[in-house]
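Peer 1: sequence first, predicted model second:
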There are 2 protein chains.
Amino acid sequence: MNKPATIKDIAKQLNISVSTVSRAMRNAPDVNNDTKKAVMALAEELNYQPNRLALSLRQKQTHTIGVIVPNLDYVLSMMVRGIDEVALEAGYTVMVCQSNESFGREIVNTRRLLESLVDGFIISVSSETKSFEHFKKIQERDIPMIVFDRTTPHLTAPTVHLDNEEGGFMATEHLLEQGYKRIAILAGPKNLGISNSRMDGYMNALKKYKIKPDPALMIHCDFNQDYAFFATEELLAMKKRPDAIFTISDRMGIGASLAIKKKGLTMPDDIALVSFNNEPIVSLVTPGISSVEMPSFEMGKAAAKLFIETMHHPEDMSGVERIFKPKLFIRESSQKSLAKKL
Amino acid sequence: MNKPATIKDIAKQLNISVSTVSRAMRNAPDVNNDTKKAVMALAEELNYQPNRLALSLRQKQTHTIGVIVPNLDYVLSMMVRGIDEVALEAGYTVMVCQSNESFGREIVNTRRLLESLVDGFIISVSSETKSFEHFKKIQERDIPMIVFDRTTPHLTAPTVHLDNEEGGFMATEHLLEQGYKRIAILAGPKNLGISNSRMDGYMNALKKYKIKPDPALMIHCDFNQDYAFFATEELLAMKKRPDAIFTISDRMGIGASLAIKKKGLTMPDDIALVSFNNEPIVSLVTPGISSVEMPSFEMGKAAAKLFIETMHHPEDMSGVERIFKPKLFIRESSQKSLAKKL
DNA sequence: TTAGGTTCCGAAAACGTTACCGGTAACGCT
DNA sequence: AGCGTTACCGGTAACGTTTTCGGAACCTAA
């Protein structure tokens, strides 16, 4: 009914020009104090809200960051909170879109946000994504873009991610130190960078301990609990079954642990388990599952900071990488001494 | 560097007017097929992306829904996914802002989105919120607003929520049926509607079974795991301690279970536990925790549908309520027979 | 008095798009 | 020949804001 008040309404009522009102609102120096007060007062009274669309159209920037994530699981929602935190601080609004791990949705989201809705992007690529044309379109337009968490070599952009290789290495070395020899790995889809890096770490650790990797113990499966469950069942059905499993995510770790329990085996005696992410859940199940932690919140903050930096100095930020270090939390699922204490 | 192409560029290059280009892009009927093709082709070539800001400014609508949630925990992120789902389908983009359970952040977020960035709101109020002026400002401007999950009587708007009273009743009655008599409740802050409703259900169940509620067993504490832990410790330290606890969320349930374990008590024999939300985690801990489930995803979808309905028929939708029914999942923490089987 | 500086304000263009109103040309019909 | 339709297309205002330029009014100082 009652149209929202505009700068024009205020101008008319006060018998001054819109430019003056505009200046007064922004507290510009060249406007009389009395007029300023009058404008402010009337704005308050009319419940005036500036129209950001007009502003953005005018100055060709929206002060909005488009964040595209594959999901809002524990880790990513932590990261988003981090992004939110510093973005708000810096005067940006964030627009979160989840692609649901779907390539198609990712494209749609990108296209939408690209319609002048955002000043730039902070993205984490979906596990389904194999082609990166939609992201390259962003770069062709010289629009800032940060890739975080799920990074990829196919995109040259400032990135924030974990040292996943190190994480994979730590997890595997820990198992080796505990004396496990046949260590299986449950990895994600082959095109998923974080999965591959973690697997590289796994390989490195095996190499260091002079153990020949066994392809039969290296499983690629979908990035979720159910697939991990089935994959683990198969692993456990092998004639020479593994004595330890490293899963690339906690969800998968949970799936694996369920399969282990179902088979009637116990951790860590019959088989050990280490997973990744260190979500709260892994400390609550019995036995507690060892897991590699990533500083999600901090990484989110770093991504946003990097974004803002890029906004200010777009010149060759493209190589910048912020790499965070993982931390291994050892629990009963992988340490015999700990388990015996119980 | 290379400015994004506009409708004007296309017009100039094709020697036609902007209006024609505009019509061609929208596939309007009154434009020659050849020109249409030419426009489309050139648009493709120039990598033209329409400018939604201009469009929105012109037609005074943004096709964006502002979603304000207190956090992105399991339940709410499920709901957001539901909202996303139907919103995208209906041609809307959603803008998710988390208030982090902070009143101040909620206000800031509302103000930002109110600056003509969204066509309307779907909100779930923060647990800290006691005043609702910022939300009423939305309504004063005749902007559609749906309240979901965390609803409140202070706001008259179309709502989507769980039958929380029923949920509280189910949980409590289940405990009573199992023979528990001194049932404590761990509730949230006193101003939190869902908490109060669940507590009402609790009261109703006690009444039905002719048990006099004991104020000493009704604890209000912060909506998280740690506070629940401490509150439970106090409960267990009572001379006449409760023989069952109903917690109003799974996080709190986890906190309670940890306190119970620490004290050396076992569930369900020494004490029973039922919580709320039925997050995956409650089925994974030992003993499994009984919990009341809400159809989060469906509720999110319903909220978005209701929003779209409201957009189309704003007239007196204000009374509409979509109430979903909870479902109790019984696990070892509260059913003696189940526990004995293990 | 006049020159020069301040202080305050207004007019108008611009951002990219759509919507409204109109116009022209070609065609067919009487 | 004259008229009405039809099929296309163009000009322009408008959306709400900022920005640039300029100018009026006043003050100060020589």
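Peer 2: Received the coordinates, thanks. Residues are numbered from 1 along each chain as shown, chains lettered A, B, ... in the order given.
Peer 1: contacting residues for residue A:171?
Peer 2: Under the criterion of Cβ atoms under 8 Å, 6 or more residues apart in numbering or on different chains, the neighbours of residue A:171 are A:198, A:201, A:202, A:246, A:274, A:276, A:290, A:292, A:328. All C-beta atoms are positioned from the backbone trio N, CA, C, and that covers glycine.
Peer 1: list the residues that contact the fifth one.
Peer 2: Read that as residue A:274. Counting by Cβ under 8 Å, 6+ apart, residue A:274 has contacts A:171-172, A:174-175, A:244-247, A:253, A:289-292, A:328, A:333-334.
Peer 1: and the contacts of residue A:171, which of them are in helices?
Peer 2: With helices defined by DSSP state H, the entries of the contacts of residue A:171 inside them are A:198, A:201, A:202.
Peer 1: in stretch A:277-289, what's buried?
Peer 2: For stretch A:277-289, the buried set under the neighbour-count rule, 16 or more other Cβ atoms under 10 Å in any protein chain shown, comprises A:277, A:278, A:279, A:281, A:282, A:284, A:285, A:286, A:287, A:288, A:289.
Peer 1: can you give the domain ranges for chain A?
Peer 2: With automatic domain parsing serving as the domain definition, the record reports that chain A contains domains spanning A:1-38, A:59-162+A:296-324, A:164-294+A:328-341.
Peer 1: quick one: closest of those domains to DNA strand D.
Peer 2: Between DNA strand D and those, the shortest gap by Cβ to the nearest atom of the strand is with domain A:1-38, which sits at 3.1 Å.
Peer 1: buried stuff in the closest one?
Peer 2: Using 16+ other Cβ under 10 Å as the burial criterion, the residues of domain A:1-38 that qualify are A:4-7, A:9-11, A:14, A:16, A:20-25, A:31, A:36, A:38.
Peer 1: surely residue A:326 and residue A:299 touch.
Peer 2: No: using Cβ atoms under 8 Å as the test, residue A:326 is too far from residue A:299 to be in contact (10.9 Å).
Peer 1: which neighbours do these two share?
Peer 2: Both residue A:326 and residue A:299 are contacted by residue A:162, under the criterion Cβ under 8 Å, 6+ apart.
Peer 1: part of a helix, is residue A:110?
Peer 2: Yes: Residue A:110 sits within a helix when classified using DSSP: H, G, I helix; E, B strand; the rest coil.
Peer 1: count of neighbours near the closest residue to it other than its chain neighbours?
Peer 2: Nearest residue to residue A:110, sequence neighbours excluded (Cβ to Cβ, 6 or more residues apart in numbering or on different chains): residue A:134, at 4.7 Å. With neighbours defined by other Cβ atoms under 10 Å in any protein chain shown, the count for residue A:134 comes to 17.
Peer 1: for residue A:215, same thing?
Peer 2: Summarising burial for residue A:215: neighbours were counted as other Cβ under 10 Å, giving 6.
Peer 1: what's the answer for residue A:199, then?
Peer 2: Summarising burial for residue A:199: neighbours were counted as other Cβ under 10 Å, giving 24.
Peer 1: residues contacting the nearest residue to it once chain neighbours are set aside?
Peer 2: Nearest non-adjacent residue to residue A:199, counting by Cβ to Cβ, 6+ apart: residue A:187, 5.1 Å away. Applying Cβ under 8 Å, 6+ apart to residue A:187 gives the contacts A:195, A:196, A:198, A:199, A:218, A:219, A:220, A:221, A:248.
Peer 1: out of the residues you listed, which are inside strands?
Peer 2: A:218, A:219, A:220 (DSSP state E).
Peer 1: which residues sit in contact with the second one?
Peer 2: By Cβ under 8 Å, 6+ apart, the contact set of residue A:219 is A:184, A:185, A:186, A:187, A:231, A:234, A:235.
Peer 1: could you redo the last one with a cut-off of 6 Å?
Peer 2: A:186, A:231 (Cβ atoms under 6 Å, 6 or more residues apart in numbering or on different chains).
Peer 1: model confidence for it, exactly?
Peer 2: pLDDT for residue A:219: 95.
Peer 1: so how far is residue A:29 from the residue lying closest to residue A:38 once chain neighbours are set aside?
Peer 2: In space, and not counting its chain neighbours, residue A:38 is closest to residue A:14: 5.9 Å by Cβ to Cβ, 6+ apart. Using Cβ to Cβ, to the nearest Å, residue A:14 is found at 19 Å from residue A:29.
Peer 1: swap in residue A:104?
Peer 2: From residue A:104 over to residue A:29 the distance is 51 Å, taken as Cβ to Cβ.
Peer 1: again, but for residue A:155
Peer 2: Computed as Cβ to Cβ, the residue A:155 to residue A:29 distance reads 44 Å.
Peer 1: what's the answer for residue A:188, then?
Peer 2: In this structure, residue A:188 and residue A:29 are 57 Å apart, going by Cβ to Cβ.
Peer 1: now do the helices in the stretch 1-150 of chain A.
Peer 2: Taking DSSP state H, counting those that start in this stretch as the criterion, the stretch 1-150 of chain A contains helices spanning A:7-14, A:18-25, A:33-45, A:52-59, A:74-89, A:103-114, A:133-140.
Peer 1: could those helices be laid out in JSON lines, adding mean pLDDT?
Peer 2: Below are the helices of the stretch 1-150 of chain A laid out as JSON lines (pLDDT from 0 to 100):
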{"stretch": "helix A:7-14", "mean pLDDT": "93"}
{"stretch": "helix A:18-25", "mean pLDDT": "94"}
{"stretch": "helix A:33-45", "mean pLDDT": "93"}
{"stretch": "helix A:52-59", "mean pLDDT": "94"}
{"stretch": "helix A:74-89", "mean pLDDT": "95"}
{"stretch": "helix A:103-114", "mean pLDDT": "93"}
{"stretch": "helix A:133-140", "mean pLDDT": "91"}
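Peer 1: mind jotting down where the strands sit in chain A?
Peer 2: According to DSSP E, the strands that chain A contains are A:64-69, A:93-98, A:120-123, A:145-148, A:159-162, A:183-187, A:218-220, A:244-247, A:272-277, A:290-293, A:321-324, A:327-329.
Peer 1: using CSV, lay out those together with distance to DNA strand C.
Peer 2: Putting the strands of chain A into CSV (distance: least, Cβ to the nearest atom of the strand, whole Å) gives the following:
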stretch, distance to DNA strand C
strand A:64-69, 16
strand A:93-98, 19
strand A:120-123, 17
strand A:145-148, 20
strand A:159-162, 30
strand A:183-187, 44
strand A:218-220, 43
strand A:244-247, 47
strand A:272-277, 42
strand A:290-293, 45
strand A:321-324, 33
strand A:327-329, 47
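Peer 1: just name the most buried of those.
Peer 2: Each of those was scored by mean neighbour count; the highest is strand A:244-247, a mean of 31, by mean count of other Cβ atoms under 10 Å in any protein chain shown.
Peer 1: so which elements touch that one?
Peer 2: For strand A:244-247, the packing partners by 3 or more Cβ pairs under 6 Å, 6 or more residues apart in numbering or on different chains; DSSP states H and E come out as helix A:164-177, strand A:183-187, helix A:250-262, strand A:272-277.
Peer 1: swap in 10 Å and give it another go.
Peer 2: When contacts are defined as 3 or more Cβ pairs under 10 Å, 6 or more residues apart in numbering or on different chains; DSSP states H and E, strand A:244-247 sits against helix A:164-177, strand A:183-187, helix A:193-208, helix A:225-237, helix A:250-262, strand A:272-277, strand A:290-293.
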